[in-house]
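K.L.:
coords please:
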Amino acid sequence: MKQKIKEKLQQLEQEKQIEILFAVESGSRAWGFASPDSDYDIRFVYKHSQDWYLNLWEQTDTIQFMTAEDLDGVGWDVRKALRLLAKSNASFTGWLFSPIVYRADHDFLNAIKNLANANFNPVSGFYHFHSMSKNFETTLGSEKMTLKRFFYAIRTALCAHWIYKNETIPPVLFKEMYSLIDDRYHSKLDALIALKSKRIEKSNDPVEADLIHLVKHLVNENNSVKDTLANRKSNPADFNSLFLKTLK
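P.N.:
Here you go, the predicted model:
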């Protein structure tokens with residue numbers, strides 16, 4: 001599958017006359033709890049030639065595709081990506097730090113990671129994950145709960161909690177946040193991850209009550225501290241500098 005993804009990216013470059021700066025996996029495969037029928041969520045950043053950016057009119061800055069092999073692709077032009085990163089867009093920071101990289105201009109990827117870390121706004125990241133976790137948490141323990149929904153709930157709750165505790169971008173790999181919770185939950189979550197790897201996305205296998213209680217506890221604690229986080233502004237000059245350097 002990795003070879004098919006690389007071939008698709010190369011095809012896009014030729015068809016769209018772009019240069020892909022990096023391409024990664026996002027979603028459950030990057031988080032470490034994929035199901036057998038999980039899509040491949042390919043996310044990438046690209047650039048055009050310099051003349052493209054001199055157009056008087058705004059042009060399309062997003063590329064999307066879906067293939068018969070369940071390759072779900074979304075790419076952003078580098079200018080759009082940097083503008084969103086300046087706002088600490090949590091979806092994009094998830095792309096940047098994905099453990100699954102299909103291809104990359106490593107100088108660019110390292111530079112933009114450093115930019116993201118130096119300009120991270122805890123408030124922006126926290127509220128993104130906290131609002132998502134509250135939405136997912138409402139179905140826990142109900143007939144609507146699936147394994148997928150449980151993992152989305154606990155992951156977003158832990159991401160928000162990580163930001164509250166550390167004021168840094170949370171890890172993409174789910175298990176790297178185990179340090180936030182008691183050891184007794186680790187083996188139970190590992191067992192659920194193993195189960196999810198054998199089940200379809202909509203599987204509604206039961207989840208132990210103490211794990212559901214853990215998620216609810218995290219959401220409630222996050223809710224109690226939501227007004228205490230630091231609100232930091234990014235430095236626009238740093239983003240513009242990387243943008244100009246990338247175009248050259």
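K.L.:
And the helix or strand hosting L242, what does it pack against?
P.N.:
Counting by DSSP states H and E, the element that carries L242 is helix 236-247. Where contact means 3 or more CB pairs under 8 Å, 6 or more residues apart in numbering; DSSP states H and E, helix 236-247 is packed against helix 78-85, helix 106-118. Any C-beta I mention is one placed from the backbone N, CA and C, and that applies to glycine too.
K.L.:
Could you check the angle the shortest one makes with helix 106-118?
P.N.:
Between the axis of helix 78-85 and that of helix 106-118 there is an angle of 20 degrees, by axes from the mean of the first three to the mean of the last three CA atoms, to 10 degrees.
K.L.:
Return the set of buried residues in helix 78-85.
P.N.:
Residues of helix 78-85 classed as buried: V78, R79, A81, L82, R83, L85 (neighbour count, 16 or more other CB atoms under 10 Å).
K.L.:
Could you count how many residues lie near the residue lying closest to the fourth one once chain neighbours are set aside?
P.N.:
Distance criterion CB to CB, 6 or more residues apart in numbering; nearest residue to L82, sequence neighbours excluded, is F239 at 4.9 Å. As a burial measure, the neighbour count of F239 was computed by other CB atoms under 10 Å and equals 19.
K.L.:
Also D105?
P.N.:
Neighbour tally, D105, other CB under 10 Å: 16.
K.L.:
wouldn't it be in contact with L21 here?
P.N.:
Yes - under the criterion of CB atoms under 8 Å, D105 is in contact with L21, at a separation of 5.0 Å.
K.L.:
how near is the residue nearest to the spatial centre of the chain to E25?
P.N.:
For the chain, the residue sitting closest to the mean C-alpha position, by CA atoms, centre = their mean, is G94 at 2.8 Å. Note on G94: its distance to E25, by CB to CB, to the nearest Å, is 10 Å.
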